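> 3D model of this:
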Amino acid sequence: MRNPFRILATAPALLVFLAGAPAPAAPPAKAATAAARQPRLYTIEQFLANTAYNGASFSPDGRKILVGSNQTGVFNAFAIPVDGGKPVQLTDSKTNAVLTIGYFPKDERFLYTSDQGGNEQNHLYVQASDGGIRDLTPGENLKAIFTGWAPDGQSFFFASNERDPGLFDVYEMALDGYGRKLLYANEGGYVPGSVSPDRRWVTLVKTQTSTDSDIYLHDRTTGKTALLTPDDPPGTEVSNTPQEFSPDGKSFYYTTDKGSEFAYLVRYDLATGQRQEVLRTNWDVLGAGFSRDGRWFTAAINNDGRTELRVFEAPAMKPVELPEMPGADITTVNFSPDGSLMSFYAETAAPRDLFVRDLKGGPPRQLTHSLNPAIDPQDLVEAKVVRFKSYDGVEIPGLLSMPHGASPEHKVPALVSVHGGPGGQSRIGYRGLTQYLINHGYAVYDINNRGSSGYGKTFYAMDDRKHGEADLDDCVASKKMLAATGWIDPGRIGISGGSYGGFMVLAALAFRPREFAVGVDLYGVSNWLRTLESIPAWWGAERDSLYKEMGDPKADADYLRRISPLFHADQIERPLLVLQGKNDPRVLQPESDEIVAAVRKKGIPVDYLLFDGEGHGLARKESQEKAFRAVAQFLDKYLKGI
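Below is the predicted model of the structure:
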């Protein structure tokens with residue numbers, strides 16, 4: 001499982017773009033029924049009138065939940081009454097997204113994080129009950145990351161690179177007066193994790209490669225740092241990810257894929273060093289943790305691109321029966337301070353909504369209604385998992401969304417959509433632009449090409465040092481599956497993607513110039529030499545891991561030049577759309593400027609949009625509207641119009 005510091009994938013507050021068995025000869029039977037149904041067509045404005053929510057934190061009295069919402073056009077903090085009612089706006093940012101962390105444990109002050117124009121240099125802020133805001137981590141060119149509340153409710157923990165841009169130290173900040181204390185000075189290039197309830201232990205991660213990461217425990221009493229997850233046998237590549245300490249501080253939980261294709265959950269006894277397997281499935285255990293009062297334990301499983309939630313009553317680990325919500329992706333589980341209520345988000349083909357449930361029983365209560373009331377949810381399309389055999393026999397999974405009205409008599413154009421990464425995953429859930437395009441007659445196949453996470457570590461490593469080649473040929477091979485449905489016009493298949501997916505778009509047009517009719521690139525890498533050399537300092541040791549996977553810009557310059565589309569732009573012959581944030585710290589603006597200039601020099605149609613005040617993605621609705629419109633007009637002209 002890849003560490004969040006290093007991924008080139010799209011960040012959370014973004015425009016959610018296009019970002020088994022062998023393939024059937026025709027779409028699923030349900031789609032055949034839908035073919036006779038003609039949905040209402042919706043405008044870009046109607047889709048953007050949906051509301052997005054994120055985060056969820058119960059107030060100390062359990063009567064409301066703190067969330068982030070973009071209903072003002074930019075993400076701000078809102079409080080939602082648990083008994084129902086309209087969200088109450090708490091912050092009023094006009095430019096920078098406010099990402100909520102949570103209410104303070106004993107009063108209604110709350111913590112949030114925000115950067116400046118998408119530069120990813122987040123600070124931590126507190127808003128007092130009277131509305132006053134204070135930057136708790138002031139300074140220039142630093143990044144602060146919240147890592148958890150102290151169990152006694154007197155402080156919280158965070159990591160900051162203010163001392164050294166490439167290293168994150170661990171601090172504790174008191175809630176009374178906001179005094180800070182340095183708990184761990186990071187001199188070893190680790191990525192810090194959680195702090196034990198007694199403050200004795202700090203978890204640290206050292207990433208060797210994309211499939212090999214180790215967990216260390218730093219003992220603040222002795223000052224020693226010890227390896228918790230030694231390789232067995234030595235030299236074995238094992239991915240280990242810390243989760244959290246038990247509420248009593250006696251044990252520590254982590255996930256590992258040691259001896260397995262998939263990550264499973266392990267409990268480590270701090271006193272004896274004994275390990276106990278807690279949960280193993282046929283998929284990755286994504287994460288696990290306790291409620292604040294220690295009564296409930298939750299685990300999330302990545303089941304074929306959909307989150308499967310399991311809740312247990314601790315300490316006996318008695319399974320809790322959960323309400324059935326067919327087809328929904330359940331995420332962001334939280335519990336009220338007294339442990340009586342559970343909140344969660346449920347997402348289907350429609351945007352995700354916040355629910356709350358009494359753990360004594362009864363159906364969940366829906367607190368938000370994200371979908372624009374003008375849109376009939378029956379007009380949205382639920383993606384189906386579809387697998388196909390690639391060029392070398394490897395089975396490739398993906399999510400196919402077929403528009404209502406498609407049929408063998410009415411074939412539709414399609415997009416192969418590539419996720420970010422390297423190593424991301426296309427998952428079940430709502431994507432605004434995708435649903436808009438489906439509504440207007442485009443099929444979309446969100447491919448999980450080799451190298452995607454979620455399908456075992458062997459599959460995950462299949463594209464290492466083969467980027468833009470082995471994984472790209474999976475995208476090309478998917479065209480045969482799409483054509484075999486009989487409902488898609490094989491001459492009108494384009495390719496789209498953001499970040500690493502944007503690189504795949506450019507690679508497809510440069511290295512397989514006649515396979516796809518068009519390309520839509522969101523802030524994609526065109527020159528790997530420059531991108532790898534310009535990695536922000538705060539990525540630290542994760543940069544070395546990426547070098548091992550992608551190539552070192554010095555030692556592997558010839559290889560990186562060979563796979564970089566910029567140096568082969570003279571081979572591009574199909575229309576291209578490029579979208580780029582001016583403040584993007586991961587894929588710099590020159591990556592897009594130069595590929596656009598090179599393709600235009602050849603006389604190929606290129607549309608190019610730059611977005612002020614946006615980083616690695618598009619966070620504001622005004623930017624999203626401009627992007628939606630540009631993508632729709634481009635595809636209508638160059639793909640649908642073929």
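
> and the closest residue in space to Glu187 that isn't next to it in sequence, what does it touch?
Leaving aside its sequence neighbours, Glu187 sits nearest to Leu167 (CB to CB, 6 or more residues apart in numbering; 7.2 Å). For glycine as for every other residue, the C-beta is placed from the backbone atoms N, C-alpha and C. Going by CB atoms under 8 Å, 6 or more residues apart in numbering, Leu167 touches Asn161, Asn186, Glu187, Gly189, Gly540.

> okay, and the beta partners of Leu167?
Counting by DSSP bridges, Leu167 is bridged to Asp164.

> from the contacts of Leu167, pick the one nearest Gly421.
Each of the contacts of Leu167 was checked against Gly421 using CB to CB; the closest is Gly540, at 19.3 Å.

> neighbours of that closest one, how many?
By other CB atoms under 10 Å, the residues close to Gly540 number 23.

> again with Val386
26.

> same question, Val525
Residues near Val525, counting by other CB under 10 Å, number 30.

> what are the ranges of the helices in the stretch 451-600 of the chain?
Listed in chain order, the helices of the stretch 451-600 of the chain (DSSP state H, counting those that start in this stretch) span 457-460, 470-484, 500-511, 528-533, 542-550, 557-563, 589-601.

> and the ones you listed as JSON lines, adding distance to Glu172 and mean pLDDT?
What follows is those, written out as JSON lines (distance: least, CB to CB, whole Å; pLDDT from 0 to 100):
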{"stretch": "helix 457-460", "distance to Glu172": "35", "mean pLDDT": "96"}
{"stretch": "helix 470-484", "distance to Glu172": "43", "mean pLDDT": "98"}
{"stretch": "helix 500-511", "distance to Glu172": "36", "mean pLDDT": "98"}
{"stretch": "helix 528-533", "distance to Glu172": "35", "mean pLDDT": "94"}
{"stretch": "helix 542-550", "distance to Glu172": "24", "mean pLDDT": "82"}
{"stretch": "helix 557-563", "distance to Glu172": "42", "mean pLDDT": "96"}
{"stretch": "helix 589-601", "distance to Glu172": "38", "mean pLDDT": "98"}
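
> is it possible to get JSON lines of the ones you listed that adds mean neighbour count and distance to Leu609?
Formatted as JSON lines, the helices of the stretch 451-600 of the chain follow (neighbours: other CB atoms under 10 Å; distance: least, CB to CB, whole Å):
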{"stretch": "helix 457-460", "mean neighbour count": "19", "distance to Leu609": "33"}
{"stretch": "helix 470-484", "mean neighbour count": "21", "distance to Leu609": "24"}
{"stretch": "helix 500-511", "mean neighbour count": "29", "distance to Leu609": "13"}
{"stretch": "helix 528-533", "mean neighbour count": "19", "distance to Leu609": "20"}
{"stretch": "helix 542-550", "mean neighbour count": "20", "distance to Leu609": "27"}
{"stretch": "helix 557-563", "mean neighbour count": "16", "distance to Leu609": "26"}
{"stretch": "helix 589-601", "mean neighbour count": "19", "distance to Leu609": "9"}
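
> which one of the ones you listed lies nearest to Lys94?
When the helices of the stretch 451-600 of the chain are compared by CB to CB, helix 589-601 sits nearest Lys94, at 23.2 Å.

> show me what the closest one is packed against.
helix 528-533, strand 576-581, strand 606-611 (3 or more CB pairs under 8 Å, 6 or more residues apart in numbering; DSSP states H and E).

> tell me the buried residues in stretch 80-96?
By neighbour count on 16 or more other CB atoms under 10 Å, the buried set for stretch 80-96 is Ile80, Val82, Pro87, Leu90, Thr91, Ser93, Asn96.

> how does the protein divide into domains?
Domains of the chain are assigned by automatic domain parsing as 29-46+375-396+408-424+432-443+465-640, 51-189.

> and the last one, end to end?
Same thing as domain 51-189. Start-to-end span of domain 51-189 (CA to CA, to the nearest Å) is 40 Å.

> out of the helices of the stretch 451-600 of the chain, flag the one nearest Thr281.
When these are compared by CB to CB, helix 457-460 sits nearest Thr281, at 14.9 Å.

> chain center to that closest one, what's the gap?
Offset of helix 457-460 from its chain centre (CA atoms, centre = their mean, to the nearest Å): 19 Å.

> need the helices and strands packed on helix 589-601 in a markdown table with distance to Ser452, can you?
Listed next are those as a markdown table, based on distance: least, CB to CB, whole Å:
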| stretch | distance to Ser452 |
| --- | --- |
| helix 528-533 | 19 |
| strand 576-581 | 23 |
| strand 606-611 | 27 |
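
> Ala414: which of the buried residues of stretch 80-96 is nearest?
Asn96 (36.5 Å).

> can you pull out the low-pLDDT segments for the stretch 351-500 of the chain?
Along the stretch 351-500 of the chain, no part satisfies pLDDT under 70.

> tell me where it has strands.
353-358, 365-366, 384-385, 388-389, 395-396, 398-401, 412-418, 443-447, 488-498 (DSSP state E, counting those that start in this stretch).

> who wins on neighbours among the contacts of Leu167?
Within the contacts of Leu167, most neighbours by other CB under 10 Å means Gly540, with 23 neighbours.

> my guess is that residue meets Asp164, correct?
No. In this structure, Gly540 is not within contact of Asp164 by CB atoms under 8 Å, at 9.0 Å.

> in which helix or strand does Glu120 reside?
For Glu120, there is no helix or strand it lies in under DSSP states H and E.

> what number of residues lie near it?
For Glu120, the count of nearby residues is 17 (other CB under 10 Å).

> so what's it up against?
Ala11, Lys143, Pro536, Pro585, Arg586, Gly615, His616.

> distance of Gly398 from Gln624?
According to CB to CB, to the nearest Å, Gly398 and Gln624 sit 24 Å apart.

> so for those two, which residue has more residues nearby?
With neighbours defined as other CB under 10 Å, Gly398 and Gln624 compare such that Gly398 has more, 30 against 25.

> keep only those of the contacts of Glu120 that are in strands.
With DSSP state E as the criterion, strands contain none of the contacts of Glu120.

> how about the residues you listed in a markdown table, adding neighbour count?
Formatted as a markdown table, these follow (neighbours: other CB atoms under 10 Å):
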| residue | neighbour count |
| --- | --- |
| Ala11 | 18 |
| Lys143 | 22 |
| Pro536 | 18 |
| Pro585 | 17 |
| Arg586 | 25 |
| Gly615 | 26 |
| His616 | 26 |
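
> which of those lies closest to Ala346?
Ala11 (22.7 Å).

> picking up where we left off before, among the helices of the stretch 451-600 of the chain, which is nearest Leu354?
Judged by CB to CB, the one of these that comes nearest to Leu354 is helix 500-511, at 28.7 Å.

> tell me what angle that closest one forms with strand 488-498.
Relative orientation of helix 500-511 versus strand 488-498 (axes from the mean of the first three to the mean of the last three CA atoms, to 10 degrees): 120 degrees.

> now for helix 500-511, which elements pack on it?
Using 3+ CB pairs under 8 Å, 6+ apart: helix 500-511 touches strand 412-418, helix 470-484, strand 488-498, strand 519-522, strand 576-581.

> for these, which one sits closest to Asp544?
Distance to Asp544, taken as CB to CB, is lowest for helix 470-484 among these, at 22.0 Å.
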